[in-house]
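A.B. asks: Structure here, sequence nowhere to be found:
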């Protein structure tokens with residue numbers, strides 16, 4: 001399995017209920033998630049012929065409960081669908097990261113570590129750009145308020161999940 005805990009559906013039960021939108025936010029809900037190695041299961045570099053590669057490449061996608069919230073009285077189906085889109089975008093990024101980690105090859109451990117670091121930075125930048133950058137998910141959909149744009153993103157995300165293709169960078 002490339003990414004544990006995903007694909008999966010998010011529910012309002014996973015969101016902390018808050019009285020008002022926290023300082024620095026302008027929306028009625030926020031989902032925060034991370035993908036990491038499972039505890040105690042770090043990637044293992046091995047030498048194969050003249051090159052090093054990674055084994056035990058496992059990722060877990062999980063919510064950050066303290067930073068996943070919804071304003072009381074605001075939960076609705078459309079908003080949950082929008083937050084599901086954020087969860088799925090990060091799941092797709094994690095799947096792409098997993099795939100790319102498995103392909104990495106280097107002539108030294110130092111070079112392999114550098115390539116992992118560079119790949120991780122690229123994936124984080126891609127996630128940020130797709131989720132909230134200019135032309136990204138939140139911008140295009142106005143946080144799910146633009147129904148036609150939300151439907152386009154829903155279709156793109158569903159197609160990527162089904163076909164195994166990576167999300168395109170906008």
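C.D. replies: Structure's in. What do you need? This structure is a prediction, so every number in the text was calculated from the model and none was measured.
A.B. asks: can you pull out the strands in this protein?
C.D. replies: For the chain, the strands defined by DSSP state E occupy 3-4, 16-18, 29-30, 33-36, 44-48, 51-55, 59-63, 69-71.
A.B. asks: Stretch 91-107: which residues count as buried?
C.D. replies: Using 16 or more other Cβ atoms under 10 Å as the test for burial, stretch 91-107 gives 91-98, 100-101, 104, 106. Every residue, glycine included, has its C-beta placed from N, CA and C.
A.B. asks: ignore the last one, stretch 35-55
C.D. replies: So, applying 16+ other Cβ under 10 Å, buried residues of stretch 35-55: 35, 43, 45, 52-54.
A.B. asks: Which strands or helices does the helix ranked longest in the chain pack on?
C.D. replies: Longest helix of the chain, by residue count under DSSP state H: helix 77-103. Counting contacts by 3 or more Cβ pairs under 8 Å, 6 or more residues apart in numbering; DSSP states H and E, helix 77-103 is packed against strand 3-4, strand 29-30, strand 33-36, strand 51-55, strand 59-63, helix 109-132, helix 137-141, helix 147-163.
A.B. asks: Which one of the ones you listed lies nearest to residue 18?
C.D. replies: With Cβ to Cβ, the closest approach to residue 18 among the helices and strands packed on helix 77-103 belongs to strand 29-30: 9.4 Å.
A.B. asks: Mind giving me the packing neighbours of that closest one?
C.D. replies: Applying 3+ Cβ pairs under 8 Å, 6+ apart, we find strand 29-30 packed against strand 69-71, helix 77-103.
A.B. asks: How far off centre is that strand?
C.D. replies: Relative to the centre of its chain, strand 29-30 is centred 15 Å away, using Cα atoms, centre = their mean, to the nearest Å.
A.B. asks: Just checking: what are the partner strands of it?
C.D. replies: strand 69-71 (antiparallel) (DSSP bridges).
A.B. asks: Touching the partner strand from outside, list them.
C.D. replies: 12, 15-22, 28-30, 79 (Cβ atoms under 8 Å, 6 or more residues apart in numbering).
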